[in-house]
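Got a sequence here, can you build the structure:
(chains A and B)
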Amino acid sequence: MSNDSRLKVLDATMKRHQYQQDALIEILHKAQELFGYLGNDLLLYIAYHLKLPPSHVYGVATFYHLFSLTPKGIHRCVVCIGTACYVKGAAALLSAVEQCAQIHPGETTADDQLSFSTARCLGACGIAPAVVFDGNVCGHQTPELVCDRLQTFLAQR
Amino acid sequence: MDFPELLAIANQERQSQKAIRIRCCVAAGCLSSNSLVVKERLEIAVTEAGLVDCVKVSGVGCMRLCCQGPLVQVDDSTQSEGVGILYKAVTPDHAPAIVSTLQSLAAPESPYLQQADLRHPFFTQQQAIVLENSGIIDPERIESYIAAEGYHALHHVLREMSSNQVINEIMRSGLRGRGGAGYPTGLKWATVAKAMSPQGEALRTANHKFVVCNADEGDPGAFMDRSILESDPHRVLEGMAIAAYAIGASQGYIYIRAEYPLAIQRLQIAIHQAQKLGLLGSRVFDSPFDFRIDLRMGAGAYVCGEETALMASIEGKRGIPSPRPPYPAERGLWGFPTLINNVETFANVPPIIRKGADWYASIGTEKSKGTKVFALAGKIRNTGLIEVPMGTTIRQIVEEMGGGVSAGGVAKAVQTGGPSGGCIPASAFDTPVDYESLTQLGSIMGSGGMIVMDQSTRMVDVAHYFMEFCRDESCGKCIPCRVGTVQLYQLLSKIREGKATPADLDLLEELCDMVKYTSLCGLGQSAPNPVLSTLRYFRNEYEALMMNSNES
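Numbers count the residues shown, from 1 in each chain, chains lettered A, B, ... in the order given. Predicted structure coming up:
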């Protein structure tokens, strides 16, 4: 992975933070943005450059929900299960996705087309229930709307 | 940058205003309903109609009524009516119709343009202090904030006031922490100002204290801080800078959730602009005061809203809380005295300095001064952001401003304070909203999420939902929280499935007490609150589920 252009970007980010150990979370964010997930090699690479024990980096990467240590699918579907969305029927959306894609929250379909997860609260309570498709927040969702959208993702197989 | 230069920017900005202003909400709620396209189409329509000279389209922050977005407000200064027109649920195709109403006076109302009633209590009963610029200024332009008297307070503080005077002013205003606990802000500032750095008096330089803004708005159902940061980010920066001057800090951090990408982006822009104008950085307003602000991003851990966990996270570690004392005010970030305040607390600071502590103290109740921003959501007709004086009753908020429960239901309870708060039953809706009253009801003010529930919401499910949340979010450091929340969750599941006996209910209460009084940090200490408050007001729902188990 040494001549990967993404690593150059990561190096630049670390340099911008002057290899400060307290910028670890920012750097992990960048690494995940570049590579999609935080693999073991990548964590070791970051640990080496920040002069941190690998156990520390691994500990931080596993502590925070947003970091993923396994690859994600091409498309993402995040169902908000914050209180406002919950009261407005997020549970029905969850089961709709589960039925439609045959996966549970935190899983990725076998063909790597779709990753499904839940969010604690997107702060989009005004348009509850909300679902994020590939980074776009969509409000006032219904099980039908969600299924239609997922079909377009899954149809690309 | 000196004061005449600041005034020049403000004047220039005011003069560039045109007779007619079209404001289009570009905060996260409306943005996800395509408001950016609406704004572009409005601009095109204005150009096509040849109105560029007298009409200005600008993107602004939250205009409160989030459920009806995208919102577009039209203000015509040539009309004497004073109140503009707020269009709701605008689609890009509506843009030409909105612009055409500008050309012909008393244009016939287009059948598909929907107007929101600005005379509805939802708007008229609001009192904007924190949100005074929200929905009015362009959050991505510092000039727009300066024209609204932005950074005037900072200049005044640096030139006219000693740090003690600033602290006294905040203390006299009666401002209390808006993060939920309600600790007097002035007192906190005074403590940090007095605190010594570990190296002792000799090294007590400005470098050795920190100001931290807690923007880790983790409570589900709360979006006030997001809206403030997206609508008026400079206000928070100014508040932090004033705090830094008062306590003698030269470095600040804003710890913000990664789930709020737009707020992060707007803050980055704001910090950059302020630095460029010399309003942040070294020698602010050509005074000896230096202040830098850096952003630190969270990564999805609710516990990081707790101040000691938040500091651990800023230091790049696992966000695990540590016992207090020592409080952050004595030993915080990297062991140095640290002031941690919530977004809304900092946002209150500039108007207090600008208009005086007496003015602020005249608003609100005896012990809770000023206003509070609430995020009104759930089963309610008008979902959105409201700012009301402390002491407004829940009934006023829910029934008058919120317009009552949606789809003809009946309000059953209001949940405040997120997973740390509780459910307030409809019978207690006449309670005024202030720190003490809500605590008496077994809930808390919290950060300001207010979720309305109707008869279809089962309270045991709500308690179960929040316990699942706390179970997942427990950091695992102390046993009462790590194990207690799991056990409570299992007990609630058992009750929910109708398999519990009255003995389980006793056990539930006993365990709640144990977790509440023995946990290390606020997460564990308040995790049983949703269970305790629903048990207090809706015990019959728990008991009804017991009976089922006896029958079967």
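
C-alpha from now on. contacts and neighbour counts both.
Noted.

and the residue most central in space within chain A, what pLDDT?
Nearest to the mean C-alpha position of chain A, by Cα atoms, centre = their mean, lies A:Leu66 at 5.8 Å. On pLDDT, A:Leu66 comes in at 91.

Please apply the same query to B:Val26.
At B:Val26, the model reports a pLDDT of 94.

Repeat that for the one 3 residues further on.
Looking at B:Gly29, its pLDDT is 88.

which non-adjacent residue is nearest it?
A:Ala124 (5.7 Å; Cα to Cα, 6 or more residues apart in numbering or on different chains).

ok, now which ones touch that neighbour?
Shown in contact with A:Ala124 (Cα atoms under 8 Å, 6 or more residues apart in numbering or on different chains): A:Ala130, A:Gly139, B:Ala28, B:Gly29, B:Phe223.

Once you drop chain neighbours, what's closest to residue 61?
Here I'm looking at chain A. A:Phe67 (5.9 Å).

meant chain B, my bad for not saying
Closest residue to B:Gly61 in three dimensions, ignoring its sequence neighbours and counting by Cα to Cα, 6+ apart: B:Ser231, at 3.8 Å.

do the same with A:Ala128
Distances taken as Cα to Cα, 6+ apart place A:Cys85 nearest to A:Ala128, at 4.9 Å, with adjacent residues excluded.

do the same with B:Gly305
Spatial nearest neighbour of B:Gly305, excluding adjacent residues (Cα to Cα, 6+ apart): B:Asp216 at 5.4 Å.

From A:Leu28, how far out is the one residue in chain A that gets nearest to chain B?
Per Cα to the nearest Cα, A:Asp22 is where chain A lies closest to chain B, at 4.1 Å. A:Asp22 sits 11 Å away from A:Leu28, going by Cα to Cα, to the nearest Å.

Check B:Tyr112 too.
48 Å.

hmm, back to that, doesn't B:Ser144 make contact with the residue nearest to B:Gly61?
No. Assessed by Cα atoms under 8 Å, B:Ser231 is found out of contact with B:Ser144, at 11.5 Å.

any common contacting residues for the two?
Taking Cα under 8 Å, 6+ apart as the criterion, B:Ser231 and B:Ser144 both touch B:Ile137, B:Asp138.

Please say which of the two ends up with more neighbours.
Neighbour count, other Cα atoms under 10 Å in any protein chain shown: between B:Ser231 and B:Ser144, B:Ser231 has more, with 30 against 21.

so what's the more buried one up against?
The contact partners of B:Ser231, by Cα under 8 Å, 6+ apart, come to B:Ala27, B:Val60, B:Gly61, B:Cys62, B:Asn133, B:Ser134, B:Gly135, B:Ile137, B:Asp138, B:Pro139.

Just the ones of the residues you listed in strands?
Using DSSP state E, B:Val60 are the members of these that sit in strands.

Out of the contacts of B:Ser231, who's the most crowded?
Most neighbours among the contacts of B:Ser231, by other Cα under 10 Å: B:Cys62, with 30 neighbours.

State the distance from that one to B:Gly305.
From B:Cys62 to B:Gly305 the distance is 24 Å (Cα to Cα).

What residues does chain A have near chain B?
For chain A, the contact set with chain B under Cα under 8 Å from any Cα of the partner chain comprises A:21-26, A:29, A:56, A:59-60, A:63-67, A:82-85, A:87-88, A:120-128, A:136-139.

ranges for the helices of the stretch 151-300 of chain B?
Assigned by DSSP state H, counting those that start in this stretch, the helices in the stretch 151-300 of chain B fall at B:152-160, B:163-173, B:185-194, B:224-231, B:233-247, B:261-276.

could you dump those to a markdown table with distance to B:Leu42 and mean pLDDT?
Supplementary listing: those in a markdown table, determined by distance: least, Cα to Cα, whole Å; pLDDT from 0 to 100:
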| stretch | distance to B:Leu42 | mean pLDDT |
| --- | --- | --- |
| helix B:152-160 | 33 | 96 |
| helix B:163-173 | 43 | 96 |
| helix B:185-194 | 43 | 95 |
| helix B:224-231 | 20 | 95 |
| helix B:233-247 | 25 | 97 |
| helix B:261-276 | 22 | 96 |
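
A:Asp134 - nearest residue in space that isn't next to it in sequence?
Spatially, and ignoring its direct neighbours in sequence, A:Asp134 is nearest to A:Arg76 (4.9 Å; Cα to Cα, 6+ apart).

Next one: B:Thr338, what pLDDT does it get?
We note a pLDDT of 96 for B:Thr338 in this prediction.

quick one: contacts for it?
B:Val192, B:Lys209, B:Phe210, B:Val211, B:Val212, B:Pro328, B:Ala329, B:Glu330, B:Arg331, B:Gly332.
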